[in-house]
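Engineer: below is the sequence, then the predicted model.
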Amino acid sequence: MELAAENYLVIGMFVSFIALLFTGFPVAWVLAGVGILFAGVAWWTDNVMEWTMTGLDYNTLGLLVGRIFGIMDNWVLIAIPMFIFMGLMLDKSGMAQRMMTSMQKLFGNVRGGLAITVTLIGIILAASTGIIGASVVLLGLMSVPVMLSQNYDKPLALGTVAASGCLGILIPPSIMLVIMGDQLAIPILDLFMGAVFPGIILGFLYITYILVYCKIYPDKAPLAADHKEATLKDILQALLDIVPPAGLILLVLGSIFMGIATVTEASGVGALGATLIAVIFRRFNFRVLKDVVVNTMNTAAYIFAIFVGATIFALVLRECGGDELIENGLTGLGFGPHGLIIFVLVVVFFLGFFLDWIEISLIMLPLLAPVITGLDLDINGFGVVDYPKLTWFALLVAVTLQTSFLTPPVGFALFYLKGVCPPEVQMTDIYRGVVPFIILQLIALVLVFVFPEIVTWLPAKVFSPL
């Protein structure tokens with residue numbers, strides 16, 4: 001493919017961005033800086049050198065102000081700090097520790113019961129926090145010392161914690177799905193509903209693997225020395241500890257799925273509900289509230305700073321012809337529609353080693369959306385899902401990113417976990433532990449790829465007329 005003159009600016013932008021990432025500068029400043037630098041270069045070539053490469057002028061650059069204001073004025077994106085607040089407040093409430101204690105008694109007489117407990121708590125955390133780093137760290141602090149003291153096999157214990165903590169990227173209400181829906185201009189409700197079955201499939205695969213593995217190798221997951229059959233009191237206590245977070249999740253997602261509240265309104269309900277749970281568990285005070293508010297502000301500011309930087313980068317990239325270059329480059333590979341999807345997922349997988357999901361969602365998805373929309377794919381939206389191809393593709397990307405976060409040698413979740421593990425845990429133990437779960441995630445990815453109805457059936461069923 002012969003490159004036009006302006007295409008060299010696009011390539012230069014990507015090369016400069018990747019090179020500057022390794023300098024340690026914050027990603028938001030790198031994105032914004034590269035965008036502004038190449039906007040100046042493009043303007044200079046057009047107006048000073050009179051090469052007329054891009055047509056980028058002051059009026060075009062003025063669009064940046066409107067784009068940035070549009071981000072800050074976006075009603076949907078208010079859900080992001082609300083969901084962050086909800087997750088952090090639930091963490092402070094001691095909910096996870098209570099569930100860990102009660103569910104450990106419930107499954108104490110089951111071989112691998114502690115690993116199953118970690119997985120179930122990971123699923124509940126995923127549906128309440130949606131923050132991978134927080135989930136992995138919390139599960140690691142709570143469960144790794146207990147599992148090792150019970151003589152669990154290190155790889156099994158560490159792999160279970162890392163994989164369960166990563167479920168938050170997929171299971172709604174996921175912050176990533178909110179951003180994906182905004183960037184692809186598709187209903188977030190469709191993404192939330194579409195993610196339900198992939199999340200259930202992953203949780204089912206994890207638990208099935210643990211049960212089968214511990215049945216074959218019982219010495220890898222020995223029972224506690226004081227294990228006993230669960231009593232009625234243990235069952236009632238477990239239910240009592242599970243009801244508040246489960247009720248909150250049902251309230252948030254139920255109000256969204258039933259059309260009672262928008263995603264933004266439900267996020268506010270979730271933030272209030274998490275605060276009430278902290279009050280009920282007697283863990284709420286001014287210091288807790290201050291810590292949660294400050295951490296929410298820091299996390300949300302980090303995300304929105306990347307929003308601004310990515311907006312500047314993407315606008316300049318488009319004005320330099322970047323979207324046409326990417327579209328022509330991908331369609332010119334000759335892989336066919338499904339082959340092209342696989343190629344894109346492989347690229348996203350490797351990008352997940354070096355970039356956070358935020359940058360990938362903000363930079364890559366808007367550029368890829370026209371390509372995916374134009375592919376001749378027979379994705380059944382049952383006449384109800386507005387954008388079945390993009391909804392299916394977004395969930396494929398979500399599962400792929402979840403896999404990349406676990407994959408050695410640079411999966412983010414591996415380093416989160418290593419940071420909170422006892423000194424005797426080596427990085428090789430974590431690497432060995434996550435391999436089976438990576439295989440399970442790839443199985444789930446293949447299932448979603450081969451059977452798109454896993455994603456589109458539920459939203460179509462809910463919205464179809466009676």
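Structural biologist: Great, that's in hand. Residues are numbered from 1 along each chain as shown.
Engineer: you'd agree residue 312 is up against residue 64?
Structural biologist: Yes - applying CB atoms under 8 Å, one finds residue 312 in contact with residue 64, separated by 5.9 Å. Any C-beta I mention is one placed from the backbone N, CA and C, and that applies to glycine too.
Engineer: which of those two has more neighbours?
Structural biologist: The neighbour comparison of residue 312 against residue 64 (other CB atoms under 10 Å) goes to residue 312, with 22 against 18.
Engineer: please name the nearest non-neighbouring residue to that one.
Structural biologist: residue 35 (3.7 Å; CB to CB, 6 or more residues apart in numbering).
Engineer: now the one you found: how far from residue 318?
Structural biologist: 11 Å (CB to CB, to the nearest Å).
Engineer: same question, residue 252
Structural biologist: 35 Å.
Engineer: between the two, which is the more surrounded one?
Structural biologist: residue 252 (28 against 15).
Engineer: give me the secondary structure label for the more buried one.
Structural biologist: helix (DSSP: H, G, I helix; E, B strand; the rest coil).
Engineer: what secondary structure does the residue nearest to residue 312 sit in?
Structural biologist: Classified using three-state DSSP, residue 35 is helix.
Engineer: thought it was touching residue 309?
Structural biologist: Yes - taking CB under 8 Å as the definition, residue 35 is a contact partner of residue 309 at 7.2 Å.
Engineer: which one is the residue most central in space within the chain nearest to, not counting chain neighbours?
Structural biologist: Centroid-nearest residue in the chain, with CA atoms, centre = their mean: residue 169, separated by 2.4 Å. Leaving aside its chain neighbours, residue 169 sits nearest to residue 402 (4.9 Å; criterion: CB to CB, 6+ apart).
Engineer: counting neighbours, what do you get for that neighbour?
Structural biologist: Residues within reach of residue 402, counting by other CB under 10 Å, total 28.
Engineer: which residues sit in contact with it?
Structural biologist: When contacts are counted by CB atoms under 8 Å, 6 or more residues apart in numbering, residue 402 touches 166, 167, 169, 170, 441.
Engineer: which of the residues you listed sits closest to residue 357?
Structural biologist: residue 169 (6.4 Å; CB to CB).
Engineer: ok, back up a step: from residue 143, how far off is the residue nearest to residue 169?
Structural biologist: 20 Å.
Engineer: so residue 110 touches residue 116, yeah?
Structural biologist: Yes - with contact defined as CB under 8 Å, residue 110 reaches residue 116; the gap is 6.8 Å.
Engineer: when these two are compared, which one has more neighbours?
Structural biologist: Comparing residue 110 with residue 116 by other CB under 10 Å, the one with more neighbours is residue 116, at 22 against 18.
Engineer: thought the more buried one was touching residue 107?
Structural biologist: Yes - with contact defined as CB under 8 Å, residue 116 and residue 107 form a contacting pair (5.5 Å).
Engineer: quickly list what's touching both of those two.
Structural biologist: Joint contacts of residue 116 and residue 107 (CB under 8 Å, 6+ apart) do not exist.
Engineer: got the phi and psi for residue 231?
Structural biologist: Main-chain torsions, residue 231, degrees, to the nearest 10: phi -90, psi 170.
Engineer: which element is the residue nearest to residue 169 on?
Structural biologist: Using DSSP states H and E, residue 402 sits within helix 388-406.
Engineer: do residue 108 as well
Structural biologist: In the assignment (DSSP H and E), residue 108 maps to no helix and no strand.
Engineer: count residues in the vicinity of it, would you?
Structural biologist: Residues near residue 108, counting by other CB under 10 Å, number 18.
Engineer: just the one 10 residues further on next, same as before
Structural biologist: The burial metric for residue 118, expressed as a neighbour count using other CB under 10 Å, is 28.
Engineer: got the contact list for it?
Structural biologist: 139, 143, 147, 160, 161, 164.
Engineer: just give me how far whatever helix or strand the third one lives in sits from the chain centre.
Structural biologist: Counting by DSSP H and E, the element that carries residue 147 is helix 132-149. Distance of helix 132-149 from the chain centroid (CA atoms, centre = their mean, to the nearest Å) equals 19 Å.
Engineer: what do you get for stretch 221-229?
Structural biologist: 35 Å.
Engineer: residues in contact with that stretch: which ones?
Structural biologist: 108-109, 111-115, 150-153, 156, 210, 213-214.
Engineer: compare the residues you listed and tell me which is most surrounded.
Structural biologist: residue 115 (30 neighbours).
Engineer: list the contacts of it.
Structural biologist: Contacts of residue 115 (CB under 8 Å, 6+ apart): 147, 152, 156, 157, 160, 210, 214, 221.
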